[in-house]
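Colleague: Provide a 3D model corresponding to the input given below.
(2 chains)
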Amino acid sequence: MANFEFVLPPAPTKNVPPSYGEQDLIRRSSSTVPPPGRQLTEVAKLIDVSKCIGCKACQAACLEWNDVRIPVGENVGVYDNPPDLTPNMFTVMRFTEWVNPQTQNLEWLIRKDGCMHCADPGCLKACPAPGAIVQYSNGIVDFDHEKCIGCGYCVKGCPFNIPRISRTEAQPKAYKCTLCSDRVAVGQGPACAKACPTHAIVFGTKDEMKKHAAERVQDLKSRGFANAGLYDPTGVGGTHVMYVLHHADQPELYAGLPKDPKISPLVELWKGAGKVVGLAAIVAFAAIGVVHHMVMGANRVSREDEERAKNLIKGQSA
Amino acid sequence: MTAYDVDPGDRVHPGDPVIVDRYTRAARANHWITAASLVLLALSGLALFAPSLYFLTALFGGGETTREIHPWIGVVLFLSFLGLFLRFWKANLWKAEDGTWLARLRDVLTAHEERLPDVGKYNAGQKVVFWSMSILIIVLIASGVLSWDQYFYQYTSVEQKRIAILVHDVAAIIIICVWIIHVYAAIWLRGTIGAMTRGQVTGGWAWRHHRKWLRELVSGRS
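Modeller: Now for the predicted structure:
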């Protein structure tokens, strides 16, 4: 089975120094980074929706690795549990029941939702706190909670509605999937990929994952899914979490996966031209004031004005 | 008699120079609370608006406290400005001479007061500032509440919040520009700032800039 070629290595038994860090940042929110001295190989997680059985082992592994817990859930009438991403639950299986109009088959579409690690991350663009969101040259987008100010701008910047704000701590903080950056740095793959019993989640270099996806797509096509394809949306510059979809022509079927995700033009305007024009306007108004005062000088009340006022009162009382 | 633009407390005191009471103690306190709030809002807001100004968060104890305190100062500004609005709205109603005054803006800026019509307690420029501030503060408090995630997150969609933030930013930039006009006018026209510090101006100042108001005050004197 070709599926098992991406089995992740066993956990290291001795300390392994992280293979990348600060020096490999290519983007840093509200600040700049020096161009990194090297380019890390781009990594990607490939989620083959057609192989997912909805067991939620990925969710359990995610909670386990990140050492967080979620409260016991309530049945809200669907299998999604918890029903949405939370500040502790960075990934959620979203279940969709769909009757294929061509085959009349009931298809159970299960998509593992979570951060897509966009090449052009909207969260990072929107973030006002320097260094609270960073992007490594291997494609991983991560949050630095020491620097996060909990404003929630990342939520508005994200085209996939992923970050969640924790409001149970002393100060709110934004959370999302880190692509297990800490594990990747020591040669491991994400916890979810490690736990996935069907290898629906695999991890490797982005090129490897695209190649593997191409084989999977071909297989699906041969089995009647004519529109099978890879989801690696170009509107956000491609992603470092990709899906193999049986119906790649209709990604919306999969619990509203956006067909053509882009950073909202409102956010682009607010963080782009808006900032430049806004600050320029303020500076221009202040400068006009200074220039006007230099040209005109102070507008002083004259002695004559005071006399006129006195006369006005005299005239009145006379 | 009271003209639309004569407030209780506006009074002329004969002397050399003539002194005119323009703002009561309460009105001045109300003004300065509003002013302080607006300045603090501009500083904390700009800090989160422009990365180059993020260092301003240090004034408020860091990014987190800046994020936390900004909306509360907004509430103070809104309530404080509401007080100013109730005090000043009547004297800021638009009058026939205001159109003429505004049409001769060139003369205003070149200090040709002799070519301007006599105006009441406020000239058209001040009225434009007043009404701009009024409208912008309503826009800012409304869009601000919609993006105040700490308490109002669940009431709007992410897309609505994006619109709210953009509207908030645009309104904030405009109000800062209006504020610059307001402050500059007070500086350029010497003798103005005393109106908001001591509450008084000289008769000559009133004659030069608000002659109609001065005449009303003088003729109303019993």
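
Colleague: Where do the helices of the stretch 101-250 of chain A begin and end?
Modeller: A:122-126, A:153-157, A:181-184, A:191-195, A:206-222 (DSSP state H, counting those that start in this stretch).

Colleague: And the residue of chain A that's closest to chain B?
Modeller: Using Cβ to the nearest Cβ, the single residue of chain A nearest to chain B is residue A:309, 2.9 Å away. C-beta: built from backbone N, CA, C; applies to glycine.

Colleague: Could you confirm that residue falls within a strand?
Modeller: No. Counting by DSSP: H, G, I helix; E, B strand; the rest coil, residue A:309 is not part of a strand but helix.

Colleague: OK, contacts around it?
Modeller: B:17, B:18, B:202, B:203, B:204, B:206, B:207, B:214 (Cβ atoms under 8 Å, 6 or more residues apart in numbering or on different chains).

Colleague: show me which of these neighbour chain A.
Modeller: Checked against chain A using Cβ under 8 Å from any Cβ of the partner chain, those yield the following neighbours: B:17, B:18, B:202, B:203, B:204, B:206, B:207, B:214.

Colleague: where along chain B do the strands fall?
Modeller: Secondary structure of chain B (DSSP state E): strands at B:11-13, B:19-21, B:200-202.

Colleague: who's in contact with the last one?
Modeller: Counting contacts by Cβ under 8 Å, 6+ apart, the residues outside strand B:200-202 that touch it are A:301, A:306, A:309, B:17-22, B:191-192, B:194-195.

Colleague: Any stretches of chain A with poor pLDDT?
Modeller: By pLDDT under 70, the low-scoring segments of chain A are A:1-5, A:317-318.

Colleague: care to break it down by domain?
Modeller: According to automatic domain parsing, chain A comprises the domains A:2-262, A:272-317.

Colleague: Which stretch among the ones you listed is buried most, on average?
Modeller: With neighbours taken as mean count of other Cβ atoms under 10 Å in any protein chain shown, these reach their highest mean count in domain A:2-262, at a mean of 18.

Colleague: Pull the distance from that domain to the chain's centre.
Modeller: The chain centre lies 9 Å from the centre of domain A:2-262; the measure is Cα atoms, centre = their mean, to the nearest Å.

Colleague: shaky segments in chain B?
Modeller: In chain B (pLDDT under 70), the answer is B:1-2, B:221-222.

Colleague: All the helices of it, in order from the start?
Modeller: B:25-49, B:63-88, B:96-103, B:105-109, B:124-146, B:149-152, B:158-188, B:193-197, B:203-209, B:211-220 (DSSP state H).

Colleague: okay, those in TSV with mean neighbour count and distance to residue B:4 next?
Modeller: Below are the helices of chain B laid out as TSV (neighbours: other Cβ atoms under 10 Å in any protein chain shown; distance: least, Cβ to Cβ, whole Å):
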stretch	mean neighbour count	distance to residue B:4
helix B:25-49	18	17
helix B:63-88	18	12
helix B:96-103	14	12
helix B:105-109	13	22
helix B:124-146	19	12
helix B:149-152	15	39
helix B:158-188	19	22
helix B:193-197	15	19
helix B:203-209	26	17
helix B:211-220	20	9
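
Colleague: List the beta-bridge partners for the closest residue to residue A:105 other than its chain neighbours.
Modeller: Among residues not flanking residue A:105 along the chain, residue A:99 sits closest, at 7.2 Å (Cβ to Cβ, 6 or more residues apart in numbering or on different chains). Here residue A:99 sits in beta bridges with residue A:106, going by DSSP bridges.

Colleague: you'd agree residue A:99 is up against residue A:109?
Modeller: No. The criterion here is Cβ atoms under 8 Å, and residue A:99 misses it with residue A:109 at 11.2 Å.

Colleague: what is in contact with these two at once?
Modeller: In contact with both residue A:99 and residue A:109: no residue, using Cβ under 8 Å, 6+ apart.
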